[in-house]
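>>> the following comprises the amino acid sequence and a computationally predicted model.
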Amino acid sequence: MKARKLPFAALAVVSVVALAGCSVQIGGSPAPSDRSTVSGGSAGPTSTVAGAPSGLQKYYGQKLSWGSCAEMARTDDIDEYDKTKLECAHLTVPIDYNDPGSGETGLAVARVKATGQKQGSLLMNPGGPGGSGVQQVAGKSLEAGKLPIAQTFDLVGWDPRGVGASSPAVKCFSDKQRDENRLSTIGFDNSPAGITKQEEFNKSQANLCAEKMGKKFLEHVGTADTVRDLDVLRAVLGDEKLSYLGYSYGTFIGAIYAETFPEKVRAMVLDGAVDPAQDQITSNVQQMAGFQTVFDDWAKDCAKYPTCPVGTDPSKATERFQQLTRPLIDKTVRGQGGRQLSYNDATTATIQAMYATQLWEPLRRGLTGLQKGDGSLLQRIADLYLNRDELGHYSPMMDANTAINCVDGPAVTDPADLSRLDSGIRKAAPFLDDGRGTGRAAKGTCAFWAAAPTLKPHEVHAVGAPKMVVVSTTHDPATPYANGVSLAKQLGASLISFEGSQHTVSLEGNACVDGAIGAYFRDLTTPPADLRCTA
């Protein structure tokens with residue numbers, strides 16, 4: 001099964017033991033150390049740039065050298081991308097904007113040039129944290145001829161610092177360790193001794209990542225620095241002001257950019273909103289409730305088939321799912337290519353399938369296979385979520401996800417709050433409840449992180465920015481509809497409501513949504529008030 005990687009949300013978790021945006025990861029010994037901070041690089045030729053911040057002229061004035069994307073695109077897709085007009089380049093930015101001389105990092109950038117009269121650049125981010133903008137735009141390159149917006153805008157994506165083909169990418173664990181993590185059962189022991197063991201392990205993982213990447217880089221891998229990179233990229237592309245489309249966590253990048261550089265925003269669409277004002281507990285619990293809502297929608301669809309693996313009575317689907325998956329905690333089943341399917345894999349695959357209705361049928365077939373002792377299809381769907389390719393290689397996505405989340409807000413550390421979070425998740429998403437809850441929960445990896453948070457939950461305000469647009473889906477599993485309502489209110493933005501069961505919708509073929517945001521980007525035409533679109 002080959003399918004595109006769907007955008008995924010900030011704080012997306014794989015199992016109920018994931019806390020504060022940092023899921024429990026189990027592995028063996030660390031990969032060989034590679035001090036991955038970059039220093040002594042060059043931003044290349046420079047020119048004077050009006051309005052560039054003091055001391056940053058070399059970055060704002062650099063020239064991109066566009067060329068092949070072979071070293072950035074996934075190898076299994078490069079033949080397809082080579083048939084398009086996709087171009088790639090490297091952007092150089094300082095690791096620490098307050099101390100530019102302390103080191104530099106390189107960001108991977110991709111673009112599909114406008115097919116007609118160019119109006120500007122449309123910068124895009126797919127979410128995560130950890131999602132690759134290069135891969136997103138590479139995928140769009142295959143269908144650019146069908147996108148009206150691609151006629152007048154260069155479509156531009158970038159891999160944020162620490163992500164994908166950017167250098168250094170946050171890569172703390174080997175492929176073997178990642179495979180081992182997925183088979184571990186340490187996270188299911190919530191006895192006092194089990195909690196201690198989990199926390200000891202999570203601390204060791206945080207320390208290993210600090211050793212691998214260096215504290216300095218981890219301190220500056222978050223969104224606070226990413227939005228400054230985005231402003232450099234805007235200027236280097238020659239755009240006086242930013243036109244931006246962000247999905248999922250990409251809405252957080254957009255919101256923080258608008259708050260930091262309101263006068264530099266031309267047009268901004270934020271689809272699948274993260275609410276910057278929410279604390280970790282509220283965000284995680286509401287997200288899990290969103291997954292339960294879409295699981296229930298999937299169960300109703302599955303019930304149309306007499307052989308539905310969770311039965312033809314949707315009211316009992318959660319119980320049937322638990323009965324089908326919980327035994328995997330104690331005994332795995334045959335997976336793909338000699339691997340074993342774990343409980344973590346089965347729930348990860350189910351979460352992935354909630355992101356888009358085109359994965360509902362594969363999930364139904366995968367769970368039917370599980371009934372027969374065959375977990376191969378479920379494992380392939382889980383691989384899609386975790387960015388494991390057919391050769392067994394993982395992208396840096398999940399390591400980057402943890403690193404960025406850990407500095408984007410404070411971790412949950414108080415035992416009472418941890419208990420409230422754990423019980424809240426189990427209640428909000430019973431289909432993901434492993435049945436091993438004790439009222440106790442371990443501190444996650446972020447609680448032991450070497451770098452302190454650089455952001456904290458707060459309402460965003462972009463005084464002086466133009467009218468922006470928020471798109472929110474009524475049954476979005478990962479970023480609940482209410483998040484979009486809240487973000488639109490904070491930014492004074494127009495709200496487009498899409499009635500459906502999926503995660504994000506912009507530029508995916510819905511005429512109502514795409515027509516409204518297309519007119520907004522081209523002509524700055526504000527969508528009609530309270531616009532509602534349907535599938």
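Now that the structure is in, tell me what you want to look at.

>>> give me the pLDDT for Ser29.
For Ser29, the pLDDT comes out at 25.

>>> does Thr402 really touch Ala447, like I thought?
No - under the criterion of Cβ atoms under 8 Å, Thr402 makes no contact with Ala447, lying 11.9 Å away. Placement of C-beta: from N, CA and C, glycine included.

>>> of these two, who's got more company?
Shown here are Thr402 and Ala447; by other Cβ atoms under 10 Å, Thr402 has more neighbours (23 against 20).

>>> what about Asp296, how many neighbours?
Asp296: 17 neighbours (other Cβ under 10 Å).

>>> could you list every residue that touches it?
Residues near Asp296 by Cβ atoms under 8 Å, 6 or more residues apart in numbering: 314, 317-318.

>>> would you reformat the residues you listed as CSV and include pLDDT, neighbour count and distance to Lys203?
Converted to CSV, these look like this (pLDDT from 0 to 100; neighbours: other Cβ atoms under 10 Å; distance: Cβ to Cβ, whole Å):
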residue, pLDDT, neighbour count, distance to Lys203
Pro314, 98, 19, 42
Ala317, 98, 22, 38
Thr318, 98, 19, 34
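
>>> for Arg532, what is the enclosing helix or strand?
strand 531-534 (DSSP states H and E).

>>> next secondary structure after the helix or strand that contains Lys489?
Using DSSP H and E, Lys489 sits within helix 481-491. For helix 481-491, the following helix or strand on the C-terminal side (DSSP H and E) is strand 494-501.

>>> and the helix or strand just after that following strand, which residues are buried?
Proceeding N to C from strand 494-501, the next assigned helix or strand is helix 511-523, under DSSP H and E. Residues of helix 511-523 classed as buried by neighbour count (16 or more other Cβ atoms under 10 Å): 512-514, 516-518, 520-522.

>>> now do helix 511-523: which elements does it pack against?
The contact analysis (3 or more Cβ pairs under 8 Å, 6 or more residues apart in numbering; DSSP states H and E) places helix 511-523 against helix 149-152, strand 242-247, strand 265-271, strand 469-475, strand 494-501, strand 531-534.

>>> what angle sits between the third one and helix 511-523?
Following axes from the mean of the first three to the mean of the last three Cα atoms, to 10 degrees, one obtains 170 degrees for the angle between strand 265-271 and helix 511-523.

>>> then the longest one?
With the same axes, to 10 degrees as the basis, strand 494-501 and helix 511-523 are set at 150 degrees to each other.

>>> which elements pack onto strand 494-501?
In terms of contacts (3+ Cβ pairs under 8 Å, 6+ apart), strand 494-501 is packed against helix 280-302, strand 469-475, helix 481-491, helix 511-523, strand 531-534.

>>> what about stretch 461-468, start to end distance?
Start-to-end span of stretch 461-468 (Cα to Cα, to the nearest Å) is 12 Å.

>>> and it, average pLDDT?
Average pLDDT, stretch 461-468: 97.

>>> okay, buried residues for it please.
So for stretch 461-468, counting by 16+ other Cβ under 10 Å, buried means 462, 465-468.

>>> farthest pair in the residues you listed?
Ala462 and Lys467 (10.4 Å; Cβ to Cβ).

>>> tell me the contacts of the residue lying closest to Val407 once chain neighbours are set aside?
Distances taken as Cβ to Cβ, 6 or more residues apart in numbering place Gly222 nearest to Val407, at 3.7 Å, with adjacent residues excluded. Residues in contact with Gly222, defined by Cβ under 8 Å, 6+ apart, are 404, 407-408, 453-455.

>>> repeat that for 10 Å
Shown in contact with Gly222 (Cβ atoms under 10 Å, 6 or more residues apart in numbering): 129, 160-162, 256, 403-409, 451, 453-455.

>>> if we can go back for a sec, hey, which of the helices and strands packed on strand 494-501 is tucked in deepest?
strand 469-475 (a mean of 24; mean count of other Cβ atoms under 10 Å).

>>> by contact count, what packs against that one?
The helices and strands touching strand 469-475, judged by 3 or more Cβ pairs under 10 Å, 6 or more residues apart in numbering; DSSP states H and E, are strand 242-247, helix 249-260, strand 265-271, helix 280-302, helix 481-491, strand 494-501, helix 511-523, strand 531-534.

>>> same list (those) but as TSV, adding mean pLDDT and distance to Pro309.
Shown next, in TSV, are the helices and strands packed on strand 469-475 (pLDDT from 0 to 100; distance: least, Cβ to Cβ, whole Å):
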stretch	mean pLDDT	distance to Pro309
strand 242-247	98	31
helix 249-260	98	32
strand 265-271	98	32
helix 280-302	97	7
helix 481-491	98	28
strand 494-501	97	19
helix 511-523	97	33
strand 531-534	97	29
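
>>> of these, which is nearest Ala206?
Closest among these, using Cβ to Cβ: helix 280-302, at 16.5 Å.

>>> residues of stretch 140-151 that come out buried?
Buried-residue list, stretch 140-151, by 16+ other Cβ under 10 Å: 140-142, 144, 147-151.

>>> cool, stretch 255-263 as well?
For stretch 255-263, by 16+ other Cβ under 10 Å, it's 255-261.

>>> with adjacent residues omitted, what lies nearest to the residue minimising distance to the centre of the chain?
Centroid check for the chain by Cα atoms, centre = their mean gives Gly128 as the closest residue, at 1.1 Å. The shortest distance from Gly128 to any non-neighbouring residue, by Cβ to Cβ, 6+ apart, is to Tyr249 (4.8 Å).
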